[in-house]
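> Here is my input, please return the structure:
(chains A and B)
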Amino acid sequence: MTERVVVVGYGMVGHRFVEALRARDTEGRYEVTVLAEEARPAYDRVRLSSWFDGEPLELPAVDGVRTRLGEPALAIDPAARTVTTAAGEYGFDRLVLATGSYPFVPPVPGRDLMGCFVYRTVDDLEALSAYAEGRGTGVVVGGGLLGLEAAHALLRLGLTTQVVEFAPRLMPLQTDDAGGAMLRRHIEDLGLTVHTGRAAARVLGDDGARTVVFEDGGVVSTDVVVFAAGVRPRDELARAAGLTVGARGGVVVDDGCATSHPQVYAIGECAEIGGRVYGLVAPGYAMAEVLADRFVGGPATFTGGDTSTKLKLLGVDVASFGQTSGPLDVTYADPASRVYAKLVLSDDAGVLLGGVLVGDASAYPTLRACLGGPLPGPALALLASSAAPAGHGEGLPGAALVCTCNAVTKDTIVGAISDGCTDVAAVKACTRAGTTCGSCVPLLKSLLAESGVAMPKALCEHFDHSRRELFEIVRVRGIRTFSRLIAEHGRGRGCDICKPAVASILASQAGGYILDGEQATLQDTNDHFLANLQRDGTYSVVPRIPGGEITPDKLIAIGEVARDFGLYTKITGGQRIDLFGARVEQLPRIWRRLVDAGFESGHAYGKALRTVKSCVGSTWCRYGVQDSVGLAIALELRYRGLRAPHKVKAAVSGCARECAEARGKDFGVIATEAGWNLYVGGNGGFRPRHADLFASDLSTEDLIRYIDRFLMFYIRTADRLQRTASWIEAMEGGLDHLRAVIVDDSSGLAADLDAAMARHVGDYRDEWRATLEDPDRLRRFVSFVNVPDLPDPSISFATERDQPVPAPVSGRRLVPLGTP
Amino acid sequence: MTFPPPSPSGPPPLTDTWVAVCAYQRLEPERGVAALFDGAQVAVFRTHDGALFALDNRDPFSGACVLSRGIVGTRGDTPTVASPMHKQVFDLTTGRCLDDPAVAVRTYPVRCVDGIVQVATVGAR
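Numbering: from 1, shown residues only, chains lettered A, B, ... in the order given. Down below sits the predicted model:
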C-alpha cells in the first residue's frame, strides 16, 4: 500500500528531499506531491546573482513526483491530515514542511515605498531589474552574505551602489575585524561605498524611495533600496496548526526532523533543530537526507550542521569555517594583494579549529577538510597565497569532509574512483560531491590525479586518442579508411564505440555515401539501414520536412505510404512525421514511394543535423518580425546530412515570444527588428539547458557564416557523443573563446571551417535516393539471406488506438531450441 | 551440398545435417547476415580475417532478433558483436555475453564448402 507524502515548499531543500526519497524508495512505497509557492521549478538560490548572466539555475526535475507549481499551501490540518491550497485539498499520510525563510525587513518607516525590494527569489530579481532600468543609484541594507550578493546584483544593473551594515564590519558572522576590513577594501576598489556601524532609520520619498536616513542623522540619496538584512524561518503554517515553534521562530524538530505532531516533519531553514535555525543550504541538505533515510526505515540522525562557507562575493573570494577565533590564531595579511587569512588552532597548535580567508580562498578545500585534525603542512605555507596548495588531497585523512555541501568524505571519493569513476563528472554523479557550490571541484581533480587515473581521453580500448585527436590525425594524414587508421594509430579491430565515431569523422572529412566499401561495416545499425531501430527489431522512417512546412499533397503522400505499409504514425517534437514498424526488407519500397513524392531522408537515424524547427513567422503571425519559416528551411537544407559528434537540433523563432523554443537547441535563432540573434549550446533531454546568446542583430549573411563555423568547429573539436552545450562548457575560455574563433578568427581557422562547410553543401546527396539507385547497395535490405523477402516471423503487431504497435514480448519470442 | 535458391514460399526445413546459408562472397567482412531455418534464426558473421561465426540471432536482453545487425569488432583478442539494441557485447566464439557473464546465446557450427557458407542447426552448442 502506498503512503501519500505531501511536501510543502520546493526550494533547494524540498527538491533535495524528493530527490533523495525517490532514490531510496525503490519499492514505490510513497506517492509524493510537492506544493510550490513559486511558479517556477526548483532552482539554485545560492547562485541567484548568476541569473544576470543568463545562467540556468534550474535544478534537475525529479521523476515520479507530482509537482504543483504556483500553488502554495494556505493551511495544514495535522489532525485531519489535509493541506489546503487555493485549488483544493490534499490528503497526506506524512507531511514535510520545507517552507524555507522569508527576508527580514527591519521595521523602518518607508520600507513599503515603491523602489524598496527584498532579495530572495528570481521574481524579486525580475522586479528589481525592471525597476532599476534607467535609474542611477541603489542602497543595500545589510552587509552580510546576502547583502553583498544583493550589492552585486545592483552593480550588475548599472547602479552606483552603497552598502549599509549595522555591525562594525562586513560579513560579521563569517569574518573577524581584520578580515572584514580587507573585504571592505576589495569592495571599495569596485567603486561601492560601504557604511559600517550605521543603521538605516527611515526611507523617504513621494513617488518612490528617494532618500535613506541613518539613525545618526546622515542621509544618502537613492533610487532603489534593497533590504538584505537576514532571513527568518517561515513557520506560519505550523504555528497556525498548533505545532511547537521555537522562541525565535522555526518549527521545532528532533534529530530525525520530526515535529511535535507524529505525521509532520520539517527540514531546512524553516526548522529549529538542536535549538538552532540554519540559514545555509548544507545543513538543509543534511536534514533532507536524514528524513529521506528515516522514511525508508533508516536510522539516520542530524548530528549538527556545517556552517562553513566559501563564496565569491562581488568577485572577491571569502571563506569561513569552524571557529573564527580561538586559543591560537595564525594570521597572514597582505594589503598589497588584498589577501587576508587566519587559522584558528588549538593551544598546542595540533588541531585546526577554524579559519577565515578573504581575497584568496584557494586553500579552503584543503583546510576545510582538515577541520578537527592536524594541518597537512606548516601554517604559514598554507596561508601565503603563492604557496597555497590549491586543493591537494594527499595529506588529507580519509574521514576528511571534501564536499561539505553534501557531506562527502575523501574515503567515499577515493572509493568511487577505485570503483571506476575516471573524471570529475563521474565522481559528481556517483557521490554528489561538487554538485552544489562547486568549491571542492579542484580537490576532486587532484584526488583523481593522485589516484593515478589517466585523463579519460582514450576513445576505447582500440585507440588511446580522443575523438578530437583522431579527427586531426585523419585530417593531417589524409587517412580515408578505418583499417589504415587502426593499423597505424590503434590496435585490434575496433568496437561499437570507435567504429561509428571514426565513420562520423570520415563522413565529415571525405563526404560521399556513408555505406560504401569498408565504411558500411563501421556504422551503427541506424546508419547502416538509414532508419531508426525500434524495440522489436523493426525500424522507423522519418522523411525530411524542412522547417516543418509541408504541402497538403505531400502530407497525403505520407499518409498513403503509412496506410499501404501498415505503419504506426506519430508527429515528432521536431515538426515532422515518424513512420514506425517498417521491416528491413520494406525500407527500400517505402523510400521509393517517399522519394517519388518529393521527399528525402530526414537523417533522424544519424548523429547529424536533425531538424530546424520554426514558428510560422512574419508571413502569417501578427507578432512576427522576420520570416522564420524561410530561414529555417534555408538552414535545414544547408546543413542536412551533416555528420557530427552527436545529434544537432536547431530552431528559428520569428519574434521574441520564441514559439519555436530556439533556446532549447544546439543553435537557435530569434528574430529581432534589426536582424537575428544567434544562441548556441542549448539542449533538452536529461539535463535541459538554455542556449547562450552568441551574437545580436546579425544580417542573414553573417548569421549563416557564424553557424557554418560554429558547426564545423564543433565537428572538428568535440568529443564523441558530446553535445554542443558540454563542448562549450569544457572549452577553455568558454563562450568568449568560441566568439573569438568564430567572429574574430583568433585561431586562423575561419577559412578552413568555411571551406569545409562549402564542401559539405556542395557534396550533399540524399542517402535514400543514392541507395535506391544502386542494386549493390540495395542487397543488404533483406530479412534473411536465404529467404530474402520472407517477413521476420518473430515480428508481430497488436492494435492500439487504431494503429499497429509491437505485440507483447511473449508474442514475438522464438521457440527456444535449448538452454544456451 | 547445393545452395538452395531463395524461396519466397517458406524457409527450408531444419535437418540434422549442414544447411546452406549463402555464398561466402555474399558476406561483407565485419558484418553479419540473418538466416532462417525452420523457425530458428541464425546470425552469421565474417570477421576481418575471413573467419566465420554463427550465433542465435535473438538478442536475449531485448528479445528482438537483431544480433546479425550489430557492429563486429574485438575485445582484447576475442572477436565480438555488439547488440545494436543496447550494445551488450557477445563473444563470437562462445556466445557468452562479455558484459553480463550470466547471459549467453547459443552458437552453431559453421563452415565454408565450395564457396558456400553452411551451418549445422542440430549440432548447436
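> What sits closest to A:Gln586 if chain neighbours are left out?
A:Phe565 (6.0 Å; C-beta to C-beta, 6 or more residues apart in numbering or on different chains). Quick note: C-beta positions are derived from backbone N, CA and C, even for glycine.
> was I right about the one you found contacting A:Arg592?
No - in this structure, A:Phe565 is not within contact of A:Arg592 by C-beta atoms under 8 Å, at 11.3 Å.
> In terms of neighbours, single out the busier of the two.
A:Phe565 (18 against 14; other C-beta atoms under 10 Å in any protein chain shown).
> Against chain B, how distant is that one?
Distance of A:Phe565 to chain B, computed by C-beta to the nearest C-beta, to the nearest Å: 18 Å.
> ok, that residue to A:Ile273 distance?
64 Å (C-beta to C-beta, to the nearest Å).
> who touches A:Leu615 in this structure?
For residue A:615 the amino acid is Cys, not Leu. With contact set as C-beta atoms under 8 Å, 6 or more residues apart in numbering or on different chains, A:Cys615 has these partners: A:Cys621, A:Gly624, A:Ser628, A:Val629, A:Val652, A:Ser653, A:Gly654, A:Cys655, A:Arg657, A:Cys659, A:Ala660.
> Output the below-cut-off pLDDT ranges for chain B.
B:1-16, B:122-125 (pLDDT under 70).
> And the strands in it, which stretches?
Taking DSSP state E as the criterion, chain B carries its strands at B:18-23, B:31-37, B:40-46, B:52-56, B:71-75, B:78-82, B:89-91, B:110-113, B:116-120.
> just for the stretch 501-650 of chain A, where's the confidence low?
Using pLDDT under 70, nothing in the stretch 501-650 of chain A is flagged.
> that older thread, what residues are up against the residue nearest to A:Gln586?
A:Leu579, A:Ala582, A:Gln586, A:Arg589, A:Ile590.
> from the residues you listed, which ones fall inside helices?
Secondary structure defined by DSSP state H assigns A:Arg589, A:Ile590 of these to helices.
> between the contacts of A:Phe565, which has the most around it?
A:Ala582 (25 neighbours).
> ok, for that one, nearest residue in space, not its chain neighbours?
Sequence neighbours aside, A:Tyr539 is the residue nearest to A:Ala582 in space, at 5.0 Å (criterion: C-beta to C-beta, 6+ apart).
> Beta-bridge partners for the residue nearest to A:Leu192 when sequence neighbours are not counted, please?
Of all residues beyond its chain neighbours, the one nearest A:Leu192 is A:Thr161 (5.1 Å), with distances taken as C-beta to C-beta, 6+ apart. Using DSSP bridges, the bridge partners assigned to A:Thr161 are A:Gly138.
> likewise the one 4 residues further on?
Beta-bridge partners for A:Glu165, by DSSP bridges, are A:Thr196.
> I'd like to know which elements the helix or strand A:Met712 falls within is packed against.
Here A:Met712, judged by DSSP states H and E, is contained in helix A:700-717. Helices and strands touching helix A:700-717, by 3 or more C-beta pairs under 8 Å, 6 or more residues apart in numbering or on different chains; DSSP states H and E, are helix A:467-477, helix A:628-639, strand A:667-672, strand A:675-680, strand A:692-698, helix A:724-730, helix A:734-742, helix A:750-763.
> closest to chain B out of those?
helix A:467-477 (15.9 Å; C-beta to the nearest C-beta).
> ok, residues contacting the closest one?
Taking C-beta under 8 Å, 6+ apart as the rule, helix A:467-477 contacts A:457, A:459, A:463, A:465, A:479, A:485, A:488-489, A:501-502, A:505-506, A:508-509, A:645, A:715-720.
> these two touch, right, A:Ala557 and A:Leu579?
No - using C-beta under 8 Å, A:Ala557 makes no contact with A:Leu579, being 11.6 Å away.
> where does the stretch 401-550 of chain A come near chain B, residue by residue?
The stretch 401-550 of chain A has residues A:461-462, A:483, A:492-496, A:498-500, A:518, A:520-525, A:528-529, A:533, A:535-537 near chain B, with proximity defined as C-beta under 8 Å from any C-beta of the partner chain.
> sorry, back to before: deepest-packed of the helices and strands packed on helix A:700-717, please.
strand A:667-672 (a mean of 25; mean count of other C-beta atoms under 10 Å in any protein chain shown).
> what are the pairing partners of that strand, and which direction each?
Short version: by DSSP bridges, strand A:667-672 pairs with strand A:648-653 (parallel), strand A:675-680 (antiparallel).
> Can you spell out which helices and strands pack onto the lowest-mean-pLDDT helix or strand in chain A?
Least confident helix or strand, chain A: helix A:379-383 with a mean of 71, by mean pLDDT, DSSP states H and E. Judged by 3+ C-beta pairs under 8 Å, 6+ apart, the packing partners of helix A:379-383 are strand A:328-334, strand A:339-345.
> For chain B, find the nearest of those.
From the helices and strands packed on helix A:379-383, taking C-beta to the nearest C-beta, the stretch that ends up closest is strand A:339-345, at 50.1 Å.
> Run through the neighbouring helices and strands of the closest one.
helix A:177-189, strand A:328-334, strand A:352-358, helix A:379-383.
> Tell me how many other residues crowd residue 112.
By default, I'm working from chain A. 9.
> not quite, I wanted chain B
16.
> What subset of the contacts of A:Cys615 is buried?
Buried members of these, scored by 16 or more other C-beta atoms under 10 Å in any protein chain shown, are A:Cys621, A:Gly624, A:Ser628, A:Val629, A:Val652, A:Ser653, A:Gly654, A:Cys655, A:Cys659, A:Ala660.
> A:Gly654 is in contact with the third one, correct?
Spelled out, that is A:Ser628. Yes - proximity of A:Ser628 to A:Gly654 meets the contact threshold set by C-beta under 8 Å, at 3.5 Å.
> Return every residue with contacts to both of these two.
A:Ser614, A:Cys615, A:Val616, A:Gly617, A:Ser618, A:Ala660, A:Ala671.
> Please flag which of these sit within strands.
A:Ser614, A:Ala671.
> what two of the shared contacts of A:Ser628 and A:Gly654 have the greatest distance between them?
A:Ser618 and A:Ala660 (13.1 Å; C-beta to C-beta).
> shared neighbours, those two?
Joint contacts of A:Ser618 and A:Ala660 (C-beta under 8 Å, 6+ apart) are A:Ser628, A:Gly654.
> what about the stretch 151-300 of chain A, any weak spots by pLDDT?
For the stretch 151-300 of chain A (pLDDT under 70), the answer is none.
> quick one, strands of it?
A:160-165, A:193-196, A:200-204, A:211-214, A:219-221, A:224-227, A:231-233, A:251-253, A:264-266, A:271-273, A:276-277 (DSSP state E, counting those that start in this stretch).
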